[in-house]
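Asker: kindly generate the corresponding structure for this input.
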Amino acid sequence: MANSMNKYAFSILILLGTLLLGAGSASAGAGGLKVIATIRPLHSLVAGVMHGLGTPKLLIESGSAHTYTVKPSDAQALEQAQLVFWIGPELENFLRRPLATLATKAKLITLSDTEGLKLLKTRSAAHGYPGAVDMHLWLDPDNAKKLTRRIVKVLARTDPSNAEAYEANGAYQIDKLTELTSDIEEILASAGDVKSIFYHDAFQYFEQRFGLKSAGFVTTGSNRAPGARHVHDLRETILSGGADCVLTEPQFAPSLLPSLTKNSRIQVGVLDPIGAGWVPGTDLYFNMMRHNAEALRKCAAGNPPPAPGD
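Answerer: Here you go, the predicted structure:
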């Protein structure tokens, strides 16, 4: 009787051990990978590649990276992360120390050095010294395709048991980006040669990809108020018909707009370079880009612009 009980207990232990091993493998292979993406557009692209396999954590949940501070939950996530995707130190210099001191176990993937990206020089002092690379590179869907391919390779190499799924998700996302480009071209076809004053110089990649024209920028630095001379020059541009639209951003207070647009008939729109108006996830990048195209079209046509998230 005792032998039978011992054999039974031993069999139960073997079964439990097998189940636990299986559960551990499933956890590591399907959703167990601990991934962080720093900003919303990048998080959206990573989430698309990981769809059905896990959910990356968005590090900077607020609209603007310029006001980000590390929360305790962020510190814990960084300490546990296996992969951290960021654009790079030129854009996210404020993350250098947290990444170096907290994400010590993670592989840091700098996406700005992805092979084949179209990289443009900065046009103002807002995002680096003269001649530095403009890091708003995700606003060109062709660059987003190259980022997607890089993300696929990194995830497949890190989690080879799910490589085929990552590759399938990546291929689907690239098809969606091709469709997005066609949609934006169609939306903007009616915008003509609209000339816009942007809140700050974040849309150079979008402009060049879709043949848009800039008539200036409200601010030459993300945290710097424009001087009186600069505001006067912009007013002259507006009143002389040198601009068709003034385009602000949801993460910046448009306190200067009344003084810029007073006694003019210029249209005002809202563009969103980081997806502040949408719930983070696989659709954010596509919603953000289509919104920006629609906002430009409606501004050029003299219609009330849609708000981000509408």
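
Asker: ok, the most centrally placed residue in the chain - contacts?
Answerer: By CA atoms, centre = their mean, the chain has its centre lying nearest to Pro41, at 1.6 Å. Residues in contact with Pro41 (CB atoms under 8 Å, 6 or more residues apart in numbering) are Trp138, Leu139, Ala144, Pro273, Ile274, Gly275, Leu284, Tyr285, Met288. Placement of C-beta: from N, CA and C, glycine included.

Asker: so where do the helices sit in the stretch 151-300 of the chain?
Answerer: Remark: helices assigned in the stretch 151-300 of the chain by DSSP state H, counting those that start in this stretch are 163-188, 204-210, 228-239, 257-261, 284-301.

Asker: just name the most buried of those.
Answerer: Compared across the helices of the stretch 151-300 of the chain, helix 284-301 shows the largest average neighbour count, a mean of 22 (mean count of other CB atoms under 10 Å).

Asker: picking up where we left off before, pLDDT score for the residue nearest to the centre of the chain?
Answerer: With respect to pLDDT, Pro41 scores 98.

Asker: same thing with Leu99?
Answerer: Value for Leu99, per-residue pLDDT: 96.

Asker: tally of neighbours for it?
Answerer: Number of residues near Leu99 (other CB atoms under 10 Å) recorded here: 20.

Asker: tell me how far it lies from Arg40.
Answerer: As judged by CB to CB, to the nearest Å, Leu99 and Arg40 stand 18 Å apart.

Asker: give me phi/psi at the residue nearest to the centre of the chain?
Answerer: Here is the backbone geometry of Pro41 (degrees, to the nearest 10): phi -60, psi -40.

Asker: mind listing what the residue lying closest to it once chain neighbours are set aside touches?
Answerer: In space, and not counting its chain neighbours, Pro41 is closest to Trp138: 4.6 Å by CB to CB, 6 or more residues apart in numbering. Listed by CB under 8 Å, 6+ apart, the contact partners of Trp138 are Pro41, Leu42, Leu45, Ile87, Ala144, Leu147, Tyr205, Tyr285.

Asker: hang on, isn't Ser44 packed against Ile274?
Answerer: No: using CB atoms under 8 Å, Ser44 is not in contact with Ile274, being 10.3 Å away.

Asker: any residues in contact with both of those two?
Answerer: Contacts common to Ser44 and Ile274, judged by CB under 8 Å, 6+ apart, are Met288.

Asker: ok so, going back, and the contacts of Trp138 as TSV, adding distance to Asn263?
Answerer: Shown next, in TSV, are the contacts of Trp138 (distance: CB to CB, whole Å):
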residue	distance to Asn263
Pro41	37
Leu42	41
Leu45	43
Ile87	40
Ala144	40
Leu147	44
Tyr205	34
Tyr285	38
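
Asker: look up the closest residue to Gln267, ignoring the ones flanking it.
Answerer: Cys299 (4.5 Å).

Asker: that neighbour reaches Ile266, doesn't it?
Answerer: No: between Cys299 and Ile266 there is no contact under CB under 8 Å: 9.1 Å.

Asker: list residues touching both of the two?
Answerer: Residues touching both Cys299 and Ile266 (CB under 8 Å, 6+ apart) are Asp244, Cys245.

Asker: so, low pLDDT: which residues of this structure?
Answerer: For the chain, the stretches with pLDDT under 70 are 1-31, 63-67, 124-131, 192, 220-224, 253-254, 303-310.

Asker: just give me the neighbour total for Val70.
Answerer: Val70: 15 surrounding residues under other CB under 10 Å.

Asker: domain map for the chain?
Answerer: Following the assignment in automatic domain parsing, the chain carries domains at 31-185, 191-301.

Asker: in what helix or strand does Ile60 lie?
Answerer: For Ile60, there is no enclosing helix or strand under DSSP states H and E.

Asker: angles on the backbone of it, please.
Answerer: When read as degrees, to the nearest 10, the backbone of Ile60 gives phi -100, psi 90.

Asker: tell me the contacts of it?
Answerer: The contact partners of Ile60, taken as CB under 8 Å, 6+ apart, are Thr38, Ile39, Arg40, Tyr68.

Asker: excluding its backbone neighbours, what's nearest it?
Answerer: Spatially, and ignoring its direct neighbours in sequence, Ile60 is nearest to Tyr68 (4.9 Å; CB to CB, 6+ apart).

Asker: surely that neighbour and Leu91 touch.
Answerer: No: assessed by CB under 8 Å, Tyr68 is found out of contact with Leu91, at 11.9 Å.

Asker: looking at those two, which one has more neighbours?
Answerer: Per other CB under 10 Å, whichever of Tyr68 and Leu91 has more neighbours is Leu91, with 22 against 19.

Asker: Gln251 and Lys262: what is the separation?
Answerer: Noted for Gln251: a distance of 24 Å to Lys262, by CB to CB.
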